[in-house]
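Undergrad: here's my sequence, what's the structure:
(one chain, ligands or ions: 2)
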Amino acid sequence: MRTILITGATSGIGRAIAIKFAEQGNRIVITGRRQNRLDELEKQILGFEKSEVKSLCFDVRHKEAVYEAIDSLPAEWKQIDILINNAGLASGLNSIQEGDIDDWEKMIDTNVKGLLYVTRKIAPLMIDRQKGHIINIGSIAGKEVYPNGNVYCATKHAVDALSKAMRIDMLQHGIKVTQIAPGAAETEFSKVRFHGDEERASKVYQGYQPLMAEDIADTAFFIANLPPHVNINDLLIVPTSQASAYCWNKKE
Ligand code: NDP
Ligand code: 8X3
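TA: Numbering: from 1, shown residues only. Ligands and ions are numbered 1, 2, ... in the order given. Below you'll find the model as predicted:
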């Protein structure tokens, strides 16, 4: 049984990853800000034979809350084998000259600083055991930029750079670091990006088959189950109808 800690497990990709690993009998730590969603997922996971679950409710933007939450885990749960740095968001889709500074700060604080706080706390625990696997959920937006994507793309470029940097720093400790960079996946992502405008969000996924959160979960599970001598450093996964961050084959 391995211990897997997933940030942002209350929705979308993180939730699907939690369920995928739980189905196979693992010890799962689910995290996010919405306690009711954590409770619901905890119940679901308890229904899987052989899996154990604990939930930690915290905001990755608050360093003390991150540290306190991880400190609160019992000793055996601190033996984290796999960290899935997934919590993240886009907020707004505006040109740089019209961007909302609050949106920018939310994205930078969550996607970059939040990921760093969680990693800073968990990497030493992995180093103590000289084993572990950090899987960062980046984005195609970390490979290319697109109109009005500016700050979101910058945060995901930071995740791309940090994934490479972590891999170098973790090398001597035998800890794997992987980045999974998805293209469009239908989750709550666009609803959050458009500040709750569900109609606008649903249009993002019209005219083609987007990725499902489960597609990313299956990919993460495959990557996490490779033999000890094999690592996938970086994986860009897109819907077949998406050739680049802004090149689509959509049916009107
Ligand atoms: P969702 O909005 O469905 O899920 C986002 C998750 O992140 C939620 O569980 C949310 O939990 C959590 N989260 C957001 N902010 C915080 C915070 N401050 N503290 C703790 N948790 C937080 O979107 P996705 O599943 O699509 O997104 C997951 C990751 O995948 C993100 O990093 C996103 O950038 C990336 N991604 C998404 C793509 C897509 O097309 N959907 C494509 C490429 C990458 P809660 O609100 O409960 O805190
Ligand atoms: C989410 C995918 O293309 O909206 O990271 O940036 S995209």
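Undergrad: got the contact list for the helix or strand bottoming out on mean pLDDT in the chain?
TA: Lowest mean confidence among the helices and strands of the chain (mean pLDDT, DSSP states H and E): strand 247-248, at a mean of 96. Strand 247-248 is contacted from outside by 207-208, 241-242, using C-beta atoms under 8 Å, 6 or more residues apart in numbering. For the C-beta atoms, the positions are set from N, CA and C on the backbone; glycine is no exception.
Undergrad: one more: stretch 71-83?
TA: Stretch 71-83 is contacted by residues 2-5, 21, 27, 29, 54, 56, 70, 118-119, 122, 125-126, 129, 131-135, 224 when judged by C-beta under 8 Å, 6+ apart.
Undergrad: for stretch 41-59, same thing?
TA: Residues outside stretch 41-59 that contact it (C-beta under 8 Å, 6+ apart): 1, 9-10, 15, 18-19, 22-23, 25-35, 38-39, 65-66, 68-70, 72-73, 77, 114.
Undergrad: quick check: phi and psi at Gly32.
TA: Per-residue torsions, Gly32: phi 160, psi 180 (degrees, to the nearest 10).
Undergrad: does Ile70 touch Arg120 like I think?
TA: No - with contact defined as C-beta atoms under 8 Å, Ile70 does not reach Arg120; the gap is 10.1 Å.
Undergrad: those two: which is more packed in?
TA: Between Ile70 and Arg120, counted using other C-beta atoms under 10 Å, the more crowded position is Ile70 (21 against 12).
Undergrad: ok, the residue lying closest to the more buried one once chain neighbours are set aside - contacts?
TA: In space, and not counting its chain neighbours, Ile70 is closest to Lys121: 4.9 Å by C-beta to C-beta, 6 or more residues apart in numbering. Going by C-beta under 8 Å, 6+ apart, Lys121 touches 66-67, 70.
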